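Engineer: sequence first, predicted coordinates after that:
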Number of protein chains: 2
Amino acid sequence: MSRILAVHASPRGERSHSRRLAEVFLSAWHARYPESKLTRREVGRVLIPPVNEAFVAAAFYPEPEARPLTMQADLALSDQLVDELLGHDLLVISTPMHNFSVPSGLKAWIDQIVRVGLTFNHTLDNGVAQYEPLVQGKKALIITSRGGFGFGPGGELEALNHADTLLRTVLGFIGITDVTVVAAEGEESAERTFAISAAEAEQRLLALVREL
Amino acid sequence: MSRILAVHASPRGERSHSRRLAEVFLSAWHARYPESKLTRREVGRVLIPPVNEAFVAAAFYPEPEARPLTMQADLALSDQLVDELLGHDLLVISTPMHNFSVPSGLKAWIDQIVRVGLTFNHTLDNGVAQYEPLVQGKKALIITSRGGFGFGPGGELEALNHADTLLRTVLGFIGITDVTVVAAEGEESAERTFAISAAEAEQRLLALVREL
């Protein structure tokens, strides 16, 4: 786990709790592994374009090796984001829960890195689609901040969580199945209430520096 | 249900199955209720900007009536999208499932219409956040196309569905609890397989013209 890709999804900067928690992890990681490499990918404050019709046509072009130049252009950003993902060992995603899911910028990034032939394969078996993950040997850490409470495993709002659970589903689909989630909850409650949850998240993140 | 707001989220145009299915419903509705009003909101082929830090600051500004002009500008699109939603009786959303969730453009629209003080209220009770929906008397119909199979209620991949389930969660959060989902499944399987599912969806949509 010597190469980390940190994807930051909060629209907020200094006021972002998920960013602050990510820095707790990343700086402790750097202190322990000073020679590890860190790449950052901003998807919260920089626009990641939604995939469009040209992307769909190019991505599913039947002969990828013979894609016309314009189609190659349609996939250029996606190619870059996929290469970036494949070139690292540990994916760290910091994101708030926004309206029960991830911010739209992070969803746009997901749609750019789920690529047939690169991160998953799609075949037909008796006319029924079969999918095969193509990404191997990576781990992911999701660091998230939630306005409410009870969205974690066993929590009373677990079924309404479409944020880190979506990330776990999508990452698993492309082959990243070793996924750890660390959440701070209650950002929209009183400051002191949230501070307790955030402090627990920090402790967990510091422990993960030794465990991952 | 005399005013319909149709939100279209597919990045694809003529090739979009969710769009085609939506037109089956909308044209049958128009034939039955020729005086009903239809408004369209494109979020798949037109960029709906992600909410940014300025949006968050403005939306949660403690005195909404006294927002500075720049903050009013930061919320102008959101205001317009909220007004549009509140000005209709039936919300029809057509969307593909993309990577287990909705396309990023539809998530951006969601983030624009979930507005404190307008579509939900947020209060503190002993320091713990409480939420109250503010939208009343509306219904929603979600028309969706999925690449795979088994994402519906009771299906073997139900737990991996973060698309229409997310929409149901968010719409419920703002007060739209009467939500119907019609899905066609298997778009990434053989054409004939998908055609059967799509035909069933069409029949269900025609029946819903009488039921909604």
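Structural biologist: Cool, the structure landed. Numbers count the residues shown, from 1 in each chain, chains lettered A, B, ... in the order given.

Engineer: CA only for contacts and neighbour counts going forward, please
Structural biologist: Will do.

Engineer: tell me which residue is most central in chain A.
Structural biologist: A:Ile93 (4.5 Å; Cα atoms, centre = their mean).

Engineer: ok, which stretches of chain A are strands?
Structural biologist: A:3-8, A:37-42, A:90-96, A:120-125, A:128-133, A:139-146, A:178-185 (DSSP state E).

Engineer: looking at those strands, which is closest to B:Ile113?
Structural biologist: strand A:90-96 (17.6 Å; Cα to Cα).

Engineer: and chain B, is that closest one touching that?
Structural biologist: No: Strand A:90-96 stays clear of chain B (Cα under 8 Å from any Cα of the partner chain), getting no nearer than 12.5 Å.

Engineer: packing partners for that strand?
Structural biologist: strand A:3-8, helix A:17-32, strand A:139-146 (3 or more Cα pairs under 8 Å, 6 or more residues apart in numbering or on different chains; DSSP states H and E).

Engineer: okay, buried residues for the longest one please.
Structural biologist: Of the residues in helix A:17-32, A:His17, A:Ser18, A:Arg19, A:Arg20, A:Leu21, A:Ala22, A:Glu23, A:Val24, A:Phe25, A:Leu26, A:Ala28, A:Trp29 count as buried by neighbour count, 16 or more other Cα atoms under 10 Å in any protein chain shown.

Engineer: dump those residues to JSON lines, plus pLDDT and distance to chain B.
Structural biologist: Formatted as JSON lines, those follow (pLDDT from 0 to 100; distance: Cα to the nearest Cα, whole Å):
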{"residue": "A:His17", "pLDDT": "97", "distance to chain B": "13"}
{"residue": "A:Ser18", "pLDDT": "98", "distance to chain B": "14"}
{"residue": "A:Arg19", "pLDDT": "98", "distance to chain B": "13"}
{"residue": "A:Arg20", "pLDDT": "98", "distance to chain B": "15"}
{"residue": "A:Leu21", "pLDDT": "98", "distance to chain B": "18"}
{"residue": "A:Ala22", "pLDDT": "98", "distance to chain B": "18"}
{"residue": "A:Glu23", "pLDDT": "98", "distance to chain B": "19"}
{"residue": "A:Val24", "pLDDT": "98", "distance to chain B": "22"}
{"residue": "A:Phe25", "pLDDT": "98", "distance to chain B": "23"}
{"residue": "A:Leu26", "pLDDT": "98", "distance to chain B": "23"}
{"residue": "A:Ala28", "pLDDT": "98", "distance to chain B": "27"}
{"residue": "A:Trp29", "pLDDT": "98", "distance to chain B": "28"}
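
Engineer: who in chain A is up against chain B?
Structural biologist: Proximity of chain A to chain B is confined to A:11-13, A:44-45, A:47, A:50-53, A:98-101, A:103-105, A:107-108, A:110-111, A:114, A:124, A:127-129, A:148, A:160, A:162, A:166, A:169-170, A:186, A:188-190, A:193 under the rule Cα under 8 Å from any Cα.

Engineer: these, buried ones only, as a ChimeraX selection?
Structural biologist: Entered in ChimeraX, the line below selects the buried ones among the residues of chain A next to chain B, by 16+ other Cα under 10 Å:
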select /A:11,12,13,44,45,50,51,52,53,98,99,100,101,103,104,105,107,108,110,111,114,128,129,148,160,162,166,169,170,186,188,189
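
Engineer: which members of the residues of chain A next to chain B are positioned in helices?
Structural biologist: Secondary structure assignment by DSSP state H places A:Glu53, A:Ser104, A:Gly105, A:Lys107, A:Ala108, A:Ile110, A:Asp111, A:Leu166, A:Thr169, A:Val170, A:Thr193 of the residues of chain A next to chain B in helices.

Engineer: residues contacting the first one?
Structural biologist: The neighbourhood of A:Glu53, defined by Cα atoms under 8 Å, 6 or more residues apart in numbering or on different chains, consists of B:Pro11, B:Arg12, B:Gly13.
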